[in-house]
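Asker: Need coordinates for the following:
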Amino acid sequence: MAMPENRSIDNEVRPPRPLLSARSEARLGARHRVVLDQLEELFLSEGYASFTVRDLASHLRCSLRTLYEIAPSKQELVLVVLDRFLHRVGRTALAAIDPDAPVAERIREYFRGAIELQRWTLAFAEDSADEPAVLRLLDSHFRYVTAVVEQLIDEGIARGEMRPMDPRVAAAVLAGSGEFLIRTEIGSHIDRPLEDIVDEVIDVVLHGIAATGS
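Answerer: Numbering: from 1, shown residues only. This next block holds a predicted model:
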């Protein structure tokens, strides 16, 4: 998930480069941006494997030319739509952080800010499971999430809010747990909102890494 500047996060933690830059998206025009939003809603709710480009054009009532002006193939279209979604969620997540809050609360705010990921349905996850290009894209965003959380935990250790340890381990557990919940059907088997499940995972990890007496 890509993020804007925030004084909680060192500028050395770089987000993935967007597949569709803000300048390129602006050049596409208003109609293309509407189509991108519609594709996002469709892919996240119903998946994409069963659709051809012609099906998509018919479903969205747009021309094939409009779709091909966004991306040259269906796979590229999926990647652009997913990458755009993840970058937006990332910006929202970072904006949710209060840089003056204790580190544990900043971590919690960061994950709560990304709760829009709950729109990701099992249908989309299943379609993505065997797509190497999609998995590479997802991994690049989740590696960035891990790096951001690692930096926050490192600060928590330096401030005495968290016990000395390898911050990479705790960051991997937190980011990996969130990724697992949205990319598999496990969350759908728990009769509770996804945000509550994620919050409980965060509670478990933060309790385990809190400094003695915190």
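
Asker: residue ranges of the helices in this protein, please?
Answerer: 22-28, 30-46, 53-60, 64-70, 74-95, 103-113, 122-128, 132-158, 167-183, 194-209 (DSSP state H).

Asker: which residues are contacting the fourth one?
Answerer: Going back to what we said before, that points to helix 64-70. 20, 28, 31-32, 35-36, 53-54, 56-57, 77, 80 (C-beta atoms under 8 Å, 6 or more residues apart in numbering). Just so you know, the C-beta spots here come from the backbone N, C-alpha and C atoms, and that holds for glycine as well.

Asker: on that earlier part again, right, so of the helices of the chain, which gets closest to Pro15?
Answerer: helix 132-158 (5.4 Å; C-beta to C-beta).

Asker: Just the C-alphas of stretch 116-128, formatted as CSV.
Answerer: The C-alpha coordinates for stretch 116-128 follow below in CSV (Å, rounded to 0.1, in the frame of the first residue of the first chain):
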residue,chain,number,x,y,z
GLU,A,116,-11.3,-0.7,3.1
LEU,A,117,-9.4,-3.9,2.2
GLN,A,118,-12.4,-5.8,3.6
ARG,A,119,-14.1,-5.1,0.2
TRP,A,120,-11.7,-7.8,-1.1
THR,A,121,-14.0,-10.8,-1.6
LEU,A,122,-13.2,-14.5,-1.7
ALA,A,123,-14.0,-14.5,-5.4
PHE,A,124,-11.2,-12.0,-6.1
ALA,A,125,-8.8,-13.8,-3.8
GLU,A,126,-9.4,-17.1,-5.6
ASP,A,127,-8.9,-15.5,-9.0
SER,A,128,-5.6,-14.0,-7.8
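
Asker: Next, the buried residues of it.
Answerer: Buried residues in stretch 116-128, defined by neighbour count with 16 or more other C-beta atoms under 10 Å: 117-118, 120-121, 123-125, 127-128.

Asker: which of those lies closest to Asp166?
Answerer: Among the buried residues of stretch 116-128, and counting by C-beta to C-beta, the member closest to Asp166 is Leu117, at 26.3 Å.

Asker: Find the residue closest to the closest one in space, skipping its chain neighbours.
Answerer: Ile182 (5.2 Å; C-beta to C-beta, 6 or more residues apart in numbering).

Asker: How many residues are close by that neighbour?
Answerer: Residues near Ile182, counting by other C-beta atoms under 10 Å, number 20.

Asker: and if you look at Ala170?
Answerer: 24.

Asker: State the distance from it to Gly90.
Answerer: As judged by C-beta to C-beta, to the nearest Å, Ala170 and Gly90 stand 20 Å apart.

Asker: and what of Leu44?
Answerer: 16 Å.
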